[in-house]
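Asker: Sequence and predicted structure are below.
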Amino acid sequence: ERERERERERERSTMAEKMGKETLNDDDHVVFADDDATSKENPFGLDDVATPGTKEDWARTPMPEDFHRKKAVRCPPKFSDLDREAQGLFSTMDIMTGFRFEFNRMSGPLTVGHSMCMGDLMGEPDHYSFTLQYATPSIVGMGRATSEGEMLALLRKTVTPWLGGGVMTRIGPESNAYEMNSADVDLKGDDCHANVKLQLQNGKPIGIVSYTQAVTPALALGVEGQYVFQDNLSSVSFLGKYSKKEVTLVGSVAKPPLSSALAGSIVAMRKVLEGGDRLWMYGTRLEFAPDRKAPGAYTTKWALAWDYKMPTSSVKGHVNESGQIFSSFEERINPFMSINLGAMVDFMKSKYKFGFGLNFSIQELSEEQQRALMAEQARLEGRSADAEEVGTVNSSPGMDQL
């Protein structure tokens, strides 16, 4: 993506140089300076187009075929990531009850993390997990092990801007023993994204092929097919995403194996940026699926979610059709520490759960990064950052500086 962005900037700079004092705006239309009403060269290098001499002539100059499309349409994410923003808004995984403590230490591309949970929201028993992550622009690797016996290993490699892949292995805990291994390959184009995956789940091979196409700058469509070789079962899913300015619409339809009925969901979201540093996002989701108890009938689920992000804190909530309310509040005390308060209320069953979380993140920064970090913290707290005071910060922050 960064390589494509740099290529676009180089093309725009070349066009601007050919056009003299004229520049290109964000919509790739020609914009003339007020003090120059003529142009001496053909900015697009078209031999069959006569060089006009006025702004009106430039407005009537034909553009090369699909010129605007190539500039505006970008490579969409793969099928599984196309609705990730909507999944994150409606997810309750980070809304915990009980107690959670996390400690992460970052040193360059390497991150070491420790986590301890007691009374988690998902009903999991108390456990400790150790995480090791290595991330660079071309390689991402992660390993995780828990006290319950669950293990996860992941490695992804970006070979070229259009080719990448990864492997993953996962072993379930002793209470729910399973094993899953997978390998996939990513193929990217200017306006499309394909993924081929082979997965072994408890020894059963599963083939998954997906394709995503950017139809317009605002619309992307995707399809995914799965086939279980051992059981001779197949399924297909369709997904579409429309994003224009503040509004995002996501729709999905799937045909499960051994069923002629369809299941799917519709999500409507809106994002509003307030004051340049506050993001207000909210949305609603409607799901429908075949009713197993009544053949031919459907069941529906409804949910409303919101997420309000501020410079040093965020508030997230979720309400569903069962009368359950999930909510969390996160406050960043300083660049190294944050606290999290969570709650779950079930009015139908009269259940009330609350939780508290504490997170420490220590990062080894250079002196220049330290100055920038402390200056940003001073700005967020409404204080003026004194350059001499910022310069006295130790280049290796520790627990004594919190």
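Answerer: That came in fine, so what should we check first? Numbers count the residues shown, from 1 in each chain.

Asker: same for the host helix or strand of residue 5, what does it pack against?
Answerer: Using DSSP states H and E, the secondary-structure element containing residue 5 is helix 2-18. Judged by 3 or more CB pairs under 8 Å, 6 or more residues apart in numbering; DSSP states H and E, helix 2-18 is in contact with strand 23-24. In this view, the C-beta of every residue, glycine as well, is placed from N, C-alpha and C.

Asker: Run through the strands of the stretch 101-250 of the chain in chain order.
Answerer: Taking DSSP state E, counting those that start in this stretch as the criterion, the stretch 101-250 of the chain carries its strands at 110-118, 127-135, 139-146, 151-160, 163-171, 179-188, 192-201, 204-214, 219-228, 233-244, 247-255.

Asker: For residue 255, see how far away residue 98 is.
Answerer: In this structure, residue 98 lies at 39 Å from residue 255, with CB to CB, to the nearest Å as the measure.

Asker: Restricting to C-alpha, output the helix holding residue 5 in CSV.
Answerer: Once non-C-alpha atoms are left out, helix 2-18 reads as follows in CSV (Å, rounded to 0.1, in the frame of the first residue of the first chain):
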residue,chain,number,x,y,z
ARG,A,2,2.8,2.4,0.8
GLU,A,3,4.5,1.6,-2.5
ARG,A,4,1.3,2.3,-4.4
GLU,A,5,0.9,5.6,-2.5
ARG,A,6,4.4,6.7,-3.4
GLU,A,7,3.8,5.8,-7.0
ARG,A,8,0.7,7.9,-7.1
GLU,A,9,2.5,10.8,-5.6
ARG,A,10,5.3,10.5,-8.2
GLU,A,11,2.7,10.6,-11.0
ARG,A,12,1.0,13.6,-9.6
SER,A,13,4.3,15.4,-9.1
THR,A,14,5.3,14.6,-12.7
MET,A,15,2.0,16.0,-14.0
ALA,A,16,2.3,19.1,-11.9
GLU,A,17,5.8,19.8,-13.3
LYS,A,18,4.6,19.4,-16.9
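
Asker: Please renumber the chain so that the first residue is 10 from this point on.
Answerer: Yep, numbering from 10; the last one is helix 11-27 now.

Asker: and that helix with strand 160-169, angle?
Answerer: 30 degrees (axes from the mean of the first three to the mean of the last three CA atoms, to 10 degrees).

Asker: just the angle between helix 11-27 and strand 188-197, please?
Answerer: When the same axes, to 10 degrees is applied, the directions of helix 11-27 and strand 188-197 differ by 10 degrees.

Asker: what about residue 313, neighbour count?
Answerer: Per other CB atoms under 10 Å, the neighbour tally for residue 313 reads 15.

Asker: repeat for the one 3 residues further on
Answerer: Using other CB under 10 Å, residue 316 has 20 other residues around it.

Asker: Correct me if wrong: it contacts residue 290.
Answerer: Yes: contact criterion CB atoms under 8 Å: residue 316 and residue 290 qualify, at 4.8 Å.

Asker: Can you check which residues contact both of these two?
Answerer: Contact criterion CB atoms under 8 Å, 6 or more residues apart in numbering; residues bridging residue 316 and residue 290 by contacting each: residue 98.

Asker: Where does pLDDT dip in this structure?
Answerer: Across the chain, the ranges flagged by pLDDT under 70 are 24-81, 129-134, 375, 389-411.

Asker: element containing residue 295?
Answerer: Using DSSP H and E, residue 295 sits in strand 287-299.

Asker: Tell me the buried residues in that strand?
Answerer: By neighbour count on 16 or more other CB atoms under 10 Å, the buried set for strand 287-299 is 289-294, 296-299.

Asker: how about JSON lines for those residues, with distance to residue 380 added?
Answerer: Shown next, in JSON lines, are the buried residues of strand 287-299 (distance: CB to CB, whole Å):
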{"residue": "289", "distance to residue 380": "31"}
{"residue": "290", "distance to residue 380": "32"}
{"residue": "291", "distance to residue 380": "37"}
{"residue": "292", "distance to residue 380": "39"}
{"residue": "293", "distance to residue 380": "44"}
{"residue": "294", "distance to residue 380": "44"}
{"residue": "296", "distance to residue 380": "49"}
{"residue": "297", "distance to residue 380": "54"}
{"residue": "298", "distance to residue 380": "54"}
{"residue": "299", "distance to residue 380": "59"}
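
Asker: Count residues in the vicinity of residue 312, would you?
Answerer: The criterion is other CB under 10 Å. On that basis, residue 312 has 21 neighbouring residues.

Asker: Which of the helices or strands spans it?
Answerer: When elements are assigned from DSSP H and E, residue 312 belongs to strand 307-318.

Asker: Which elements pack onto that strand?
Answerer: So strand 307-318, by 3+ CB pairs under 8 Å, 6+ apart, packs with helix 93-99, strand 287-299, strand 322-329.

Asker: who touches the second one?
Answerer: Right, strand 287-299. 95, 98-99, 257, 265, 268, 270, 272-283, 306-320.

Asker: For residue 386, give me its contacts.
Answerer: Under the criterion of CB under 8 Å, 6+ apart, the neighbours of residue 386 are 343-344.
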